[in-house]
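Asks: Test case, fold it:
(one chain, ligands or ions: 1)
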Amino acid sequence: MFESKKQKQYTVQKIRQTVGKAINQYNMIEADDHILVAVSGGKDSLALLEILSCRRKALPIHYHIHAAHVITEDVPYQIDVDWLSDFCNKLDVKLHLIHTKANLETAGNKKPCFACSRNRRKELFKLTNELGIKKLAFGHHLDDAVETLVMNMAQHANISSIPAQLEMFDGKIQVIRPLIFLTNSEMKHYALIMGFPSLKRECPYEDHTIRYKAREIVEQMTELNPKARINLFNSMNKIDFEYLP
Ligand SMILES: Nc1ncnc2c1ncn2[C@@H]1O[C@H](COP(=O)(O)OP(=O)(O)OP(=O)(O)O)[C@@H](O)[C@H]1O
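Replies: Okay, here's the model as predicted:
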């Protein structure tokens, strides 16, 4: 679909404003904060890094952005680190590369993908702590939250998802998700306009079977109501306890 320069500018501005809305609503960023952005090389975390970095120029408050990318050496999936370094340089953001191993052979009956992402999170928390940073930002968006809601209801019989912000380790680290009000389709659109390449390759261990099924279910629900995705998201803030069994 052809989009004029003006339309593209409008989309970019709207998406950046929506990030700003989440940041303000959850008080995610304060003056002089240091924020470590976890960057996978996928479109969402690249956009998150770029948006947070650009916002610094437009705001009266100042905050510091750092980026971290975890390289799991024993998993045959790597991104173009030179491109990412260059991207961070242009944004005037320091990139921290974390080299680690998932040691999948010792993961017992845990699935490789689970063991690898648990190790990645551990490494990100470790670096955040070592750098004396309090805020760790992830690139999860609204679709991730809705899919997680559906998965948790079906698998764990509880109503829970991924929070927009969460205090961890007795408040030492605050996890923030500034893209939480944006859909996957909005993020795809943003990446296309900004010309972000897809640095991520499919990992051979990647097992998203359940998540893909949850995604399909959410997609089917949009046939009931085109707004189903947003409604599922908003329903998490509107639980009518009197009308529950
Ligand atoms: N190798 C990594 N290094 C640093 N952070 C990561 C890495 N992989 C994932 N993350 C963080 O975890 C978030 C969710 O990861 P996930 O693999 O679900 O995202 P993705 O959709 O594959 O990539 P992205 O969200 O960047 O488009 C990412 O947005 C990013 O913030």
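
Asks: could you give me the average pLDDT of the lengthiest helix in the chain?
Replies: As far as residue count goes, and with DSSP state H defining each element, the longest helix of the chain is helix 5-25. Per-residue confidence for helix 5-25 averages out to 97 on the pLDDT scale.

Asks: and it, what does it pack onto?
Replies: In terms of contact count using 3 or more CB pairs under 8 Å, 6 or more residues apart in numbering; DSSP states H and E, helix 5-25 is assigned the packing partners helix 43-58, helix 184-194. Heads up, the C-betas are built off the backbone N, CA and C, glycines and all.

Asks: so which of these comes closest to the ligand?
Replies: helix 43-58 (3.2 Å; CB to the nearest ligand atom).

Asks: how far off helix 5-25 does that closest one point, in degrees?
Replies: Using axes from the mean of the first three to the mean of the last three CA atoms, to 10 degrees, the direction of helix 43-58 lies 80 degrees away from that of helix 5-25.

Asks: Moving C-terminal from helix 43-58, which element do we reach first?
Replies: Next in sequence after helix 43-58, counting helices and strands by DSSP states H and E, comes strand 64-72.

Asks: what's the offset of that next one from the middle of its chain?
Replies: If you compare the mean C-alpha spot of strand 64-72 with that of the full chain, they lie 13 Å apart, counting by CA atoms, centre = their mean, to the nearest Å.

Asks: tilt between the next helix or strand after that strand and helix 43-58?
Replies: The element immediately downstream of strand 64-72 (helix or strand, assigned by DSSP H and E) is helix 81-91. With the same axes, to 10 degrees defining the directions, helix 81-91 sits at 20 degrees from helix 43-58.

Asks: Tell me the residues on this structure that lie near the ligand, please.
Replies: By the criterion of CB under 6 Å from any ligand atom, the positions of the chain lying close to the ligand are 38-40, 42-45, 68-70, 120, 138-140, 200.

Asks: now with 5 Å?
Replies: 38, 40, 42, 43, 44, 45, 69, 70, 138, 139 (CB under 5 Å from any ligand atom).

Asks: can you tell me which two in these are farthest apart?
Replies: Of all pairs drawn from those, the one with the longest distance (CB to CB) is 43 and 70, at 17.4 Å.

Asks: Which residue lies nearest the spatial centre of the chain?
Replies: Here the mean C-alpha position of the chain is nearest to the C-alpha of residue 139 (CA atoms, centre = their mean), at a distance of 1.6 Å.
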